[in-house]
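>>> here is the input, now give the coordinates:
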Amino acid sequence: VQLQASGGGLVQAGGSLRLSCAASGRTITNAAVGWFRQAPGKDREFVGVINWSGSMTSYGDSVKGRFAISRDNGKNTVYLQMNSLKSEDTAVYYCAAAPSIWSREYNAWGPGTLVTVSS
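Reported below is the predicted structural model:
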């Protein structure tokens, strides 16, 4: 079972975009969910993670203060709100599940969604 990221697109620098992460065939209400991104020619980068209840989040340094992760367990969906976007945020964004917010073992990777920020 994979987690499907969606909501990507083209946005101007300084703009905002909200990505969604949904799972079909499994519940993610008891899992931490992390967001990652990979820009062309670069390694995959940790964006942030949210615990199962939504009470705890953690972010990578490059997005702190600009991005926010939330979740709606009733909809089995996790969101990534991206504000003050920069050209360097251009990447394919992925979501994945983990046993806890402290775990580094992510699973259920699915196809990502492309975010392009134009300057």
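
>>> per-residue pLDDT, residue 1?
Reported pLDDT at residue 1 in the predicted model: 75.

>>> let me redo that: residue 90
For residue 90, the model assigns a pLDDT of 98.

>>> which residues touch it?
Contact criterion CB atoms under 8 Å, 6 or more residues apart in numbering gives 39, 115-117 as the residues in contact with residue 90. In this view, the C-beta of every residue, glycine as well, is placed from N, C-alpha and C.

>>> just residue 95 next, same as before
Each residue near residue 95 by CB under 8 Å, 6+ apart is listed here: 3-5, 19, 21, 33-36, 78, 80, 110.

>>> tell me the SS of it?
Using DSSP: H, G, I helix; E, B strand; the rest coil, the three-state assignment for residue 95 comes out as strand.

>>> circling back to that earlier point, out of the contacts of residue 90, list just those in strands.
When the contacts of residue 90 are checked against strands (DSSP state E), the matches are 115-117.
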